[in-house]
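Visitor: Could you work out the structure for the sequence below:
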Amino acid sequence: MMHATPAGRHDAPVPGPDPARRGAAQELGLLQVCYLVFLLPWFLLAIGGTMGLANWESIVAAFVILAWWAYPFVALGTAIAAWALFATRRHGAARWVNRVPLVWVLVGVALLLWIWLATA
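Guide: Just a heads-up that it's a prediction; the model follows:
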């Protein structure tokens, strides 16, 4: 005699995660790996940008430097928030929160391309 389990009978197939949940988890993981990989060029741009914008007579330069140095904290904070939203099954919100650091990545890639084209 088979005993019932929370998922059903012992020989019944166990359902996997739904496709929306699997897609959200894959997107969160992939983007967070990209954010981690971007830390090396980000650091070089942060040091160079700080030296290049070190005109402390300009308040705009100070805000640009502070915004650029906020990237690791934003990436970590949004990763934690995205996984918390994912755990509560708010997949759409988790995806949008996880995309916030893309602003830094896109700006950084544009800066790297600009530097590369200027030196070529």
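Visitor: ranges for the strands of the chain?
Guide: Here the chain has no strands by DSSP state E.
Visitor: For it, give me the ranges with low pLDDT.
Guide: Low-confidence segments of the chain, defined by pLDDT under 70: 1-16, 55-56.
Visitor: Pick out the residue nearest the middle of it.
Guide: The structure's the chain has its C-alpha centroid closest to residue 32; by Cα atoms, centre = their mean the separation is 4.4 Å.
Visitor: Skipping adjacent residues, who's closest to residue 20 in space?
Guide: residue 91 (5.8 Å; Cβ to Cβ, 6 or more residues apart in numbering). Heads up, the C-betas are built off the backbone N, CA and C, glycines and all.
Visitor: sorry, back to before: dump the residue contacts of the residue nearest to the centre of the chain.
Guide: Residues in contact with residue 32 (Cβ atoms under 8 Å, 6 or more residues apart in numbering) are 75, 79, 98.
Visitor: Against residue 60, how distant is the first one?
Guide: Using Cβ to Cβ, to the nearest Å, we find residue 75 at a distance of 24 Å from residue 60.
Visitor: nearest to residue 85, of the contacts of residue 32?
Guide: Distance to residue 85 across those (Cβ to Cβ) is lowest for residue 98, with 8.7 Å.
Visitor: Quick check, the closest one in contact with residue 76.
Guide: No: using Cβ atoms under 8 Å, residue 98 makes no contact with residue 76, being 11.9 Å away.
Visitor: more neighbours, these two?
Guide: residue 98 (25 against 13; other Cβ atoms under 10 Å).
Visitor: Spit out the contact partners of that one.
Guide: Here residue 98 is in contact with 27-28, 31-32, 78-79, 82 (criterion: Cβ under 8 Å, 6+ apart).
Visitor: Including distance to residue 113, could those go into a markdown table?
Guide: Output for these, formatted as a markdown table (distance: Cβ to Cβ, whole Å):
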| residue | distance to residue 113 |
| --- | --- |
| 27 | 25 |
| 28 | 27 |
| 31 | 20 |
| 32 | 23 |
| 78 | 24 |
| 79 | 26 |
| 82 | 27 |
